[in-house]
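Enquirer: I'll drop the sequence and a predicted model, then ask my questions.
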2 protein chains.
Amino acid sequence: MGERERALLLGIRSRVRRSSAVRVGIGDDAAVLALRPGEQVVVTTDFSLEDVHFRRAWHPPEAVGHKCLARGLSDIAAMGARPVAAFLSLAVPAQLTRPRAGKQSWVDRFYNGLLALADHFHVPLAGGDLAQSPGGAEAVAVVDIMVVGAIAAGKALLRSGARAGDLLYVTGSLGGAAAELRALGKTPARFKHVTTASTEHPHLYPKPRLATGRALVARQLATAAIDISDGLSVDLQHLCEESGLRAQIDAAQLPVHPNATLQDALHGGDDYELLFTAPASARIPRSLGGVPVHCIGRMLRHRAGQPQMVMVEDGHRGQLETAGWQHF
Amino acid sequence: MGERERALLLGIRSRVRRSSAVRVGIGDDAAVLALRPGEQVVVTTDFSLEDVHFRRAWHPPEAVGHKCLARGLSDIAAMGARPVAAFLSLAVPAQLTRPRAGKQSWVDRFYNGLLALADHFHVPLAGGDLAQSPGGAEAVAVVDIMVVGAIAAGKALLRSGARAGDLLYVTGSLGGAAAELRALGKTPARFKHVTTASTEHPHLYPKPRLATGRALVARQLATAAIDISDGLSVDLQHLCEESGLRAQIDAAQLPVHPNATLQDALHGGDDYELLFTAPASARIPRSLGGVPVHCIGRMLRHRAGQPQMVMVEDGHRGQLETAGWQHF
């Protein structure tokens, strides 16, 4: 690590919330975290790449920082776990570390957004890596967030736990992020000053459903769960594959965001909501962890020749295909 | 995740060694790891960026894969911990996922190197992320490795534990990586076929000192430890700063690699050896975990106006300054 890097890291170290779980934090070869007796470790990593996941010309740096951590926390929520600490690997072009026109640097503003969300959920930043992006004038920012969580042994909500006959539920509303992304692409200037988290901005500032995930585990309500950041259709397919089942959803029951279309809700992606299954006999409250919950369909036994996912719309039954985000 | 990504991940999943510690691995929202009772979690992350840490024209893909994992394992070794699982976030230009001229793709060869080292140390790959690098024709490969380890509560070797009067020790030899990097830069073609790990290639295939780190903890020999991947001078300075001490080293005692100069040994960096301190009364064996150990100096009380690091060479005492790798 160079001296410039070290100065940056020391600055960050001074801003990081302390936590009794972090026995050794930023500044050693590795961090040391203490769990509670009987807990297992939950680990997730997520890339956020400039020009793939965000654009510097569109997204306020605070939103980039918020969202990259939100992605990791959403995975922790989908397991029903509690977050213990976050780790941030950040590579940026050198000019993003410099203040510009009397304003904070891009990196400082990025940390403002990330640390605000970390503080909101009491998640300490316990380490990471910092580097200059390669590529000269074409260099882009690369963010890799890792979140370490904890859960009582054997209690994690898996994608593979759904059973035939289970009902399918989703938290919050769907498609709002896709709708906001469309608006952002049309007039980025309108979003330039949206530098603090708000539920009005589901694309820029998604809120991970940690309380809902933990409530599902605490009340032993769910058989399986997944977050739907890749889009409802793609993530429902993962749930079907991992559980070895089919699914049927009812278009009329989807909680479509007021700004969104049905296509946004099905395939838009970027909605950091939870999709979960529960036995038909389970009493699922209308709200869990402060977030509305809607029943949108059911899981069916696998049958050869039958489509993996079907949707009922206006009395018609049709195959539901994935149309989510595709890399490569 | 897209279908191409998913196919790649399924391919990797099938090649990954099973481990009873990995209760949930690749394929869910997050991985779940089980530790032993009384253990704490040790976490490290390290970027390996094309054109910063490696060059595609110089480094065989197997060496890149080996080394990015070795960097993380070396941090685990420096804490005296045991590795439990690794997580790999990999962004590559699309063409690196395609076979070329009848040979395996760059990504396949990268995994060959990484998984060979993972297998050697029985470390399962339990998750990560996979994406296409942004930047079109200028796109570069970005690797972020995270290693999760475990250690008995309170037993981690920290940088801050050294005491005045402690002796300073280093494992293996120094400067060999810098010497090999120089040779690689001159004639990269000579190294093109070095696709398997060997101690003859300390730059391409560094070997993390896991057994030494664990022996230091098991025998309660060391007061502090750090790995010297940034170079002896830079990492000794970190040890001094975190322990609030000065250090004196003896040039004649440095185990300089046969191909290296004293400058390589002091500042070359990339030597994945351990630097540790132990009380003068401790009996340090000549070899620990199968690696030679040399006493190279001692820790001194902090004194205002005195340089943090001094080196004795041919009877002369001079200030030792850092000249390691600098980002930004």
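Expert: Received it, and whenever you're ready, just let me know what you need.
Enquirer: the strands in chain A, which residues?
Expert: Here chain A has its strands, by DSSP state E, at A:22-24, A:31-33, A:39-49, A:82-92, A:125-132, A:142-152, A:167-171, A:224-227, A:245-250, A:274-278, A:287-288, A:291-301, A:309-313, A:316-319.
Enquirer: show me which residues of the stretch 101-250 of chain A are close to chain B?
Expert: A:126-135, A:138, A:140, A:142, A:144, A:146-149, A:151, A:153-154, A:156, A:158-160, A:225-227, A:230, A:234, A:242 (CB under 8 Å from any CB of the partner chain). Quick note: C-beta positions are derived from backbone N, CA and C, even for glycine.
Enquirer: which among those count as buried?
Expert: A:126-135, A:140, A:142, A:144, A:146-149, A:151, A:156, A:158-160, A:225-227, A:230, A:234, A:242 (16 or more other CB atoms under 10 Å in any protein chain shown).
Enquirer: would you turn the strands of chain A into JSON lines with mean pLDDT?
Expert: As requested, those are exported to JSON lines (pLDDT from 0 to 100):
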{"stretch": "strand A:22-24", "mean pLDDT": "93"}
{"stretch": "strand A:31-33", "mean pLDDT": "96"}
{"stretch": "strand A:39-49", "mean pLDDT": "96"}
{"stretch": "strand A:82-92", "mean pLDDT": "96"}
{"stretch": "strand A:125-132", "mean pLDDT": "91"}
{"stretch": "strand A:142-152", "mean pLDDT": "97"}
{"stretch": "strand A:167-171", "mean pLDDT": "98"}
{"stretch": "strand A:224-227", "mean pLDDT": "98"}
{"stretch": "strand A:245-250", "mean pLDDT": "98"}
{"stretch": "strand A:274-278", "mean pLDDT": "98"}
{"stretch": "strand A:287-288", "mean pLDDT": "98"}
{"stretch": "strand A:291-301", "mean pLDDT": "98"}
{"stretch": "strand A:309-313", "mean pLDDT": "96"}
{"stretch": "strand A:316-319", "mean pLDDT": "94"}
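Enquirer: tell me which of those lies nearest to residue B:25.
Expert: Residue B:25 sits nearest to strand A:39-49 of all the strands of chain A, at 10.2 Å, using CB to CB.
Enquirer: is chain B contacted by the closest one?
Expert: Yes. Under the criterion of CB under 8 Å from any CB, chain B is reached by strand A:39-49 at A:40-47, A:49.
Enquirer: got a winner among those residues for most neighbours?
Expert: The most crowded member of those, judged by other CB atoms under 10 Å in any protein chain shown, is residue A:43 (30 neighbours).
Enquirer: quick one: contacts for the most centrally placed residue in chain A?
Expert: By CA atoms, centre = their mean, the mean C-alpha position of chain A lies nearest to residue A:71, the distance being 2.8 Å. Contacts of residue A:71 were listed using CB atoms under 8 Å, 6 or more residues apart in numbering or on different chains, and they are A:46, A:48, A:145, A:229, A:272.
Enquirer: ranges for the helices of chain A?
Expert: All helices of chain A, identified by DSSP state H, fall at A:3-15, A:61-78, A:106-120, A:176-186, A:210-218, A:232-243, A:262-267.
Enquirer: okay, the ones you listed, which one's buried deepest?
Expert: Comparing those by mean neighbour count (mean count of other CB atoms under 10 Å in any protein chain shown), helix A:61-78 comes out on top with a mean of 28.
Enquirer: quick one, it and helix A:176-186 angle?
Expert: Orientation note: helix A:61-78 sits at an angle of 160 degrees relative to helix A:176-186 (axes from the mean of the first three to the mean of the last three CA atoms, to 10 degrees).
Enquirer: give me the low-pLDDT residue ranges for chain A?
Expert: By pLDDT under 70, the weakly predicted segments of chain A are A:1-7, A:324-328.
Enquirer: swap the cut-off to 80 and go again
Expert: For chain A, applying pLDDT under 80 flags the ranges A:1-18, A:135-137, A:323-328.
Enquirer: and the residue of the stretch 101-250 of chain A closest to chain B?
Expert: residue A:134 (3.7 Å; CB to the nearest CB).
Enquirer: neighbours around the residue nearest to that residue when sequence neighbours are not counted, how many?
Expert: Closest residue to residue A:134 apart from its sequence neighbours, by CB to CB, 6 or more residues apart in numbering or on different chains: residue B:51 at 3.7 Å. When neighbours are counted by other CB under 10 Å, residue B:51 registers 15.
Enquirer: surely residue B:51 touches residue B:141?
Expert: No. Counting by CB atoms under 8 Å, residue B:51 sits too far from residue B:141 to count as a contact (9.1 Å).
Enquirer: burial of the spatially closest residue to residue A:131 that is not a sequence neighbour, as a residue count?
Expert: Residue nearest to residue A:131 in three dimensions, not counting chain neighbours: residue A:91, with 4.5 Å by CB to CB, 6+ apart. Using other CB under 10 Å, residue A:91 has 25 neighbouring residues.
Enquirer: cool, the one 4 residues further on as well?
Expert: The burial metric for residue A:95, expressed as a neighbour count using other CB under 10 Å, is 11.
Enquirer: now do the contacts for it.
Expert: No contacts exist for residue A:95 under CB under 8 Å, 6+ apart.
Enquirer: and for residue A:310?
Expert: Here residue A:310 is in contact with A:246-249, A:317-320 (CB under 8 Å, 6+ apart).
Enquirer: who does the closest residue to it other than its chain neighbours bridge with?
Expert: With sequence-adjacent residues excluded and distances taken as CB to CB, 6+ apart, residue A:310 is closest to residue A:248, at 4.9 Å. For residue A:248, the residues forming beta bridges with it (DSSP bridges) are residue A:298, residue A:310.
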